[in-house]
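Asks: structure here, sequence nowhere to be found:
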Ligand code: FES
């Protein structure tokens, strides 16, 4: 919430409290004053010398009520204005999109390049079902010698080696975290980070490199909003890999999405090669 909205909310709260306090005080004091005036009126009927005292009391009561009425009227106006200001400011501060809601691809405003408008990365993170790990351990075994087949099974199921699955594996077997770290880093087949639904292989062979493979890769990473050190987009739709010659140098620069080839790309046209594989937000 902005500072101005916070101040408006504070004014609303203060004025509301003031009006409530006035109402509480008046609800006690008015009957009391009325009773005192009435009693003095009775005394004045019997003894006229009480008349000045009665007049003074009536003036004091009237002045008090006028002052309170004036103050409460201005407080009421102030409350209305402060409430309106607060509502306007609060509405302005509301997020434009529902958190987690996927958004459609849009054309951005930086140099006419395509942007994929995406929900928070957390939208793509699902709770991991670890039942498979338990089933794999029961089926394959618990010994240290079963580390590779178990890791292969886990990777085959989850498409990478999730930390939660590996922790569960260590709990259920004789395999240690150190053994897993050594095995998974030694064999190139194992992935420790999530993999996208589609593998985008961008050729960085000589012909493609000369024709601008680096710019193609950079543009795809920007389009998919893949952060530094990562190779997969937050929605886990695409994983980008830089590979050696794909064997179609005459089409350089080239990329492959799964087994579909696209060539003679430019940074502007490269994102279009992914379009056919993009899932429309539900
Ligand atoms: S260098 Fe890219 S296809 Fe050969």
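Replies: Yep, that arrived. The structure presented is a predicted model; accordingly, all values stated were derived computationally and were not measured.

Asks: got a list of what the residue in the stretch 151-282 of the chain positioned nearest to the ligand touches?
Replies: Going by C-beta to the nearest ligand atom, the ligand is nearest to residue 205 of the stretch 151-282 of the chain, at 2.5 Å. (C-beta placed from N, C-alpha, C; glycine too.) By C-beta atoms under 8 Å, 6 or more residues apart in numbering, the residues touching residue 205 are 213, 244-246, 249, 252.

Asks: and the helices in the stretch 51-200 of the chain?
Replies: Assigned by DSSP state H, counting those that start in this stretch, the helices in the stretch 51-200 of the chain fall at 51-93, 131-140, 147-158, 163-172, 177-186.

Asks: if we can go back for a sec, okay if I get the contacts of residue 205 as TSV plus neighbour count?
Replies: Shown next, in TSV, are the contacts of residue 205 (neighbours: other C-beta atoms under 10 Å):
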residue	neighbour count
213	23
244	11
245	15
246	20
249	17
252	21
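
Asks: mind listing the strands for the stretch 151-282 of the chain?
Replies: Applying DSSP state E, counting those that start in this stretch to the stretch 151-282 of the chain gives strands spanning 198-203, 238-243, 255-257, 260-262.

Asks: what lines up beside the last one in the sheet?
Replies: Right, strand 260-262. Within its sheet, strand 260-262 is paired with strand 255-257 (antiparallel), according to DSSP bridges.

Asks: same check on the first one?
Replies: Strand partners for strand 198-203, identified by DSSP bridges, are recorded as strand 238-243 (parallel), strand 255-257 (antiparallel).

Asks: tell me, how many neighbours does the nearest residue to residue 78 once chain neighbours are set aside end up with?
Replies: Once flanking residues are discounted, residue 78 sits nearest to residue 15: 5.2 Å by C-beta to C-beta, 6 or more residues apart in numbering. As a burial measure, residue 15 scores 21 neighbours (other C-beta atoms under 10 Å).

Asks: for the host helix or strand of residue 32, give the mean pLDDT please.
Replies: Here residue 32 sits within helix 3-46, counting by DSSP states H and E. For helix 3-46, mean pLDDT rounds to 85.

Asks: since that was my last question, I'll sign off now.
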